[in-house]
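**Q** coordinates for the following, if possible.
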Amino acid sequence: MSNQTETDRGLVNRAEAIASFEHQHTALSRIQHALHSNPALVPLIVLVLSVAVFGALLGTKFFSTFALTLILQQVAIVGIVGAAQSLVILTAGIDLSVGAIMVLSSVIMGQFTFRMGLPPAVAVACGLAIGTFIGFVNGWLVARIKLPPFIVTLGMWQIALASNFLYSGNETIRAQDIEANAPLLQFFGQSISMGGAVFTYGVIFFILLVLVLAYILRHTAWGRHVYAVGDDPEAAELSGVNTKRILMSVYALSGLICAFAGWALIGRIGSVSPTSGQFSNIESITAVVIGGISLFGGRGSILGMFFGALIVGVFSLGLRLLGADAQWTYLLIGVLIIGAVAVDQWIRKVSA
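**A** Numbering: from 1, shown residues only. Coordinates of the predicted model:
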C-alpha cells in the first residue's frame, strides 16, 4: 500500500512538472510570437526604459524640451542614413558606402554651387542624382553581376570617399559663404517652434521619411516584395517577383536617401566639409541592428530603426549629462548590439 502511494505521488509530481513546463513553454511562445509579429517592440521597450532611467537620475535636466529635441537633432542624420541602410538589410544585403555617398553628395552640392557657379537648386538636384546613380550601380552589380553586397559596397565606399577628396581638394566651404550666397543648401538646418519645442527641417524630414517608408513597406506590393526577396529570393522569384529589379530599386532608393542625408548634413553643420560623417556607415548599421531589423533579411521594421537611433541618442545625451566618460556610451551601445542580435537569433530559433 505504501509503495502504491509513493507511485501515485510520483505520478502527480511528474504531471505537475509537465504542466508547469507546458505553461512556461506557452508563455515563451507568446512572447516569441509577439516579438516576431512586432519587430519594433523590443527597441521600443528598451527606449522607454532608457528614458525612464535617465529621467529618474537627471530629473528635469533630461526631461526638458531642449534636451528631448536635442536628441532628435543629434540622431536625424544617422537616422536618415539608417533608413537607407534598413532597406538594403531587409533584402539580406548590407551597404557600407552609405556614409561616403552622403558626404560625396553634399560636396557635389557645395562645389557645383561655388566652383561651377550653378544655381543652388540645380546643384542640389545634381547631388541627389549622383547619389541615386551610385546606389543604382551598387544594385546593378549585386543583382545583375551577382557580386556579394559586402564586397560591392566596400569597394564603392573607397571609390566614393576617394572621389570626394580628389574633387573637393579637401576644401571646406564655410558656413558664412553658404549663408550669404546659397542659403538653400542650409535649408534642413532651419528650424520652427512647436509648443515650445524647436524642430529643424532635418528632424521633420527624418520623421516624415520614416513614416512614408513604414507605409510603403507595409501597404504596397513593392514593400512586400522587398521582404520576400530578403526572406527567400528563390521562392520570391518562383512566385513572380522580379528580384533583380527589386534589388536595383532598393539600392538606388538607398543612394537617393543618402543624398538627402548629405543635404541635411550641410544644414546640420552649416558648412560643406569633405571630412564630415566619417562613421555614418557604422552608426547606421548600429541603429538598424538595435532597432531589431534582422541582418539575415526579410524581417524587421523601419520604425524599429527609428527607435534604435533614438536609443543611441538617449544614451549619448544621458551619459553626457551625468558627466560619464564617452567610452561608456560605446560600451553600452556595444552591449545593446550584441543583445539585439541574440534576441533576433532566439526569435528565429523558437519560431523554427
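
**Q** any idea how far Gly169 is from Gln186?
**A** 22 Å (Cβ to Cβ, to the nearest Å). To be clear about C-beta, it is placed using only N, CA and C from the backbone, and glycine gets the same treatment.

**Q** among these two, which residue is more densely surrounded?
**A** The neighbour count for Gln186 versus Gly169, taken as other Cβ atoms under 10 Å, is higher for Gln186 (21 against 9).

**Q** where does pLDDT dip in the stretch 201-350 of the chain?
**A** 348-350 (pLDDT under 70).

**Q** swap in 90 and give it another go.
**A** Low-confidence segments of the stretch 201-350 of the chain, defined by pLDDT under 90: 275-283, 290, 292, 294-301, 315-350.

**Q** which parts of it are helices?
**A** Secondary structure of the stretch 201-350 of the chain (DSSP state H, counting those that start in this stretch): helices at 201-219, 221-231, 233-238, 243-269, 280-290, 302-321, 326-351.

**Q** what does the first one contact?
**A** Looking back up the chat, that one is helix 201-219. By Cβ atoms under 8 Å, 6 or more residues apart in numbering, the surrounding residues in contact with helix 201-219 are 69, 72-73, 75-77, 79-80, 83, 86-87, 90, 187-192, 222-223, 226-227, 257, 260, 264, 267-268, 301-303, 305-306.

**Q** what of the shortest one?
**A** With contact meaning Cβ under 8 Å, 6+ apart, helix 233-238 is reached by 92, 225, 228-229, 243.

**Q** same thing but at 7 Å, please
**A** Outside helix 233-238, the residues that touch it by Cβ atoms under 7 Å, 6 or more residues apart in numbering are 225, 228-229, 243.

**Q** and that helix, what's buried?
**A** 233, 236 (16 or more other Cβ atoms under 10 Å).

**Q** do the same with the second one
**A** Neighbour counts using 16+ other Cβ under 10 Å place 223, 225-231 of helix 221-231 among the buried residues.

**Q** so how far is stretch 111-118 from its chain's centroid?
**A** Averaging C-alpha positions (Cα atoms, centre = their mean, to the nearest Å) puts stretch 111-118 32 Å from its chain's average.

**Q** how long is it end to end?
**A** By Cα to Cα, to the nearest Å, the extent of stretch 111-118 from end to end equals 9 Å.

**Q** now it: average pLDDT?
**A** For stretch 111-118, mean pLDDT is 93.

**Q** where does Asp95 sit: helix, strand or coil?
**A** coil (DSSP: H, G, I helix; E, B strand; the rest coil).

**Q** does it touch Leu253 like I think?
**A** No - using Cβ atoms under 7 Å, Asp95 is not in contact with Leu253, being 11.2 Å away.

**Q** those two: which has the busier surroundings?
**A** Asp95 (32 against 22).

**Q** pLDDT score for the more buried one?
**A** For Asp95, pLDDT reads 95.

**Q** who's in contact with it?
**A** Neighbours of Asp95 in contact, by Cβ under 7 Å, 6+ apart: 85, 88, 138, 149, 153, 254.

**Q** those: which two are farthest apart?
**A** Gln85 and Asn138 (12.3 Å; Cβ to Cβ).
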